[in-house]
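> Pasted the sequence and its predicted model underneath.
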Amino acid sequence: TDTTDIKKGLAGVVADVTAISKVNPETNSLLYRGYPVQELAATQPFEAVAHLLWTGELPDAVALADLRATEREHRALADEVRAVIDLVPLDAHPMDEVRTAVSLLGAQDLAGSGSVLAASGSAEDNLRRSIRLFAALPAIVAYGQRRRRGQEMVAPRDDLDYAANFLWMTFGEEADDLVVDAFNRSMILYAEHSFNASTFTARVIASTLSDLYSAVVGAVGALKGPLHGGANEAVLHVFDEIGEAANVSPWLDDALENKRKIMGFGHRVYKRGDSRVPTMKAALDTLIEHYERPDVAELYDALESEFVARKGIYPNLDYPSGPAYALMGFDTLTFTPLFVAARVTGWTAHVMEQFGANALIRPLSEYVGPAERHVEGYVPDAADV
Ligand code: CMC
């Protein structure tokens, strides 16, 4: 093999077809099943976008009511899941808690399902499993934040839709409509993004005909990293480090000198700006006004304009979503679990698509280790020769 053929990081490699979303970096557009994500964020509840990703179409009123009814049925945190979360050390990262909880949900749901040959399940099984995970994750994420704060669990509310109920279970009080709307938008913007690292991880796992839950557990692991989903959390650490707008220049001098990656900037696919940023930035602006925090806007703008001017690298979705989640009252450590609750819709849509037209994902590597050598003193016996 010629090393020049190697596509490090699979950059630029088209690994398969997908009908779920289309990213066009030239026009800065992102379509979910053909619909621009901005239009979906402005008009749809997250439940409808989940339905779109899974089935290919936005739901009519009956289908939306059905999905919402099923989602409500699976909202409450099961005692066993709560017990397993409680076993995770309080100072472990909440992504480890989420990964563990999803793993238990899988084991419970698949109990009695027999040999590995049946693991991948039918299309109906997998849609049901996807809805179950989508419905169960908010309680897992909300309870995680509450227990770290030493607060009691809050039971779900049947009269609230997905986004409002998520905020209710996290904070134990009803959120303002404006906050619910910003949160709903963030979920929609985070829901799906073609063959990103965590989605590709899920597809690799699905391609072995393993089960959907195992694929999601793997995807949670991939999303945790700061080069991927962990960046929304990392943005807030950066904001905390900088403190205020006046400190941006010296902080950036130092960070760039030390070759630090500035979290929340840059993207493998978008090189001229992330299509999701303007929508999330508009939501952040309404939150800044609502919570009367012009200081957040000043720091945000100062870091963005100075970094773009110096490096020509633009913000990605994690840049506005990190401070938006902070203003809503989420702890910094909860941000990436929120990304899980959203992206689980995209992951599961991709797992179902992979099962529907499967080929085992198994690339090649070029060996660059030591040439063949032998264990000292080894004498081959007749059977080995
Ligand atoms: N800060 C400083 N320099 C950067 C950054 C950044 N955030 N992003 C890219 N660069 C530089 C990089 O150092 C390299 O410079 P040079 O050519 O001089 O070595 C050049 O730009 C190309 O970067 P790369 O890392 O080779 O590009 P990539 O396509 O592998 O990286 C990325 C994409 C997202 C990993 C990277 O931009 C990054 O590390 N960003 C910070 C983490 C982050 O915000 N991740 C969120 C990604 S989007 C949403 C999500 O998945 O959650």
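Received it, and whenever you're ready, just let me know what you need.
> all contacts plus neighbour counts: C-alpha atoms, from now on.
Noted.
> Buried ones in the lengthiest helix in the chain, by neighbour count?
With secondary structure taken from DSSP state H, the chain has its longest helix at helix 123-148. Within helix 123-148, the residues scored as buried using 16 or more other CA atoms under 10 Å are 126-127, 129-146.
> So residue 59 sits against residue 51, correct?
Yes: using CA atoms under 8 Å, residue 59 is in contact with residue 51, at 6.4 Å.
> how about the helices of the stretch 151-300 of the chain, start to end?
162-171, 177-190, 197-206, 212-223, 231-242, 248-257, 277-290, 294-311 (DSSP state H, counting those that start in this stretch).
> Near the ligand, which residues of the stretch 201-350 of the chain are found?
Residues of the stretch 201-350 of the chain lying close to the ligand by CA under 6 Å from any ligand atom are 226-229, 231, 261-268, 316-318.
> For PyMOL, what selects the buried ones among those residues?
Written as a PyMOL command, the selection of buried residues from these, which uses 16+ other CA under 10 Å, is:
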select buried, resi 226+227+228+229+231+262+263+264+265+266+267+316+317+318
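> pLDDT weak spots in this structure?
1-4, 384-385 (pLDDT under 70).
> try 90
Counting by pLDDT under 90, the chain has low-confidence residues at 1-5, 24-29, 112-115, 117-119, 230, 268-273, 380-385.
> mind giving me the domain split of it?
If you go by automatic domain parsing, the domain ranges for the chain are 21-225+333-356, 231-328.
> quick one on the thing from earlier: now, the most widely separated pair of the residues of the stretch 201-350 of the chain next to the ligand?
261 and 317 (15.7 Å; CA to CA).
> The helix or strand encompassing residue 62 vs helix 123-148, what angle?
Assigned by DSSP states H and E, residue 62 belongs to helix 61-73. Interaxial angle, helix 61-73 versus helix 123-148 (axes from the mean of the first three to the mean of the last three CA atoms, to 10 degrees): 50 degrees.
> ok, residues contacting helix 61-73?
47, 48, 51, 131, 132, 134, 135, 158, 161, 162 (CA atoms under 8 Å, 6 or more residues apart in numbering).
> With distance to residue 199 as new columns, can those residues be given to me in TSV?
TSV is the format used below for those (distance: CA to CA, whole Å):
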residue	distance to residue 199
47	20
48	20
51	18
131	17
132	18
134	15
135	19
158	31
161	26
162	23
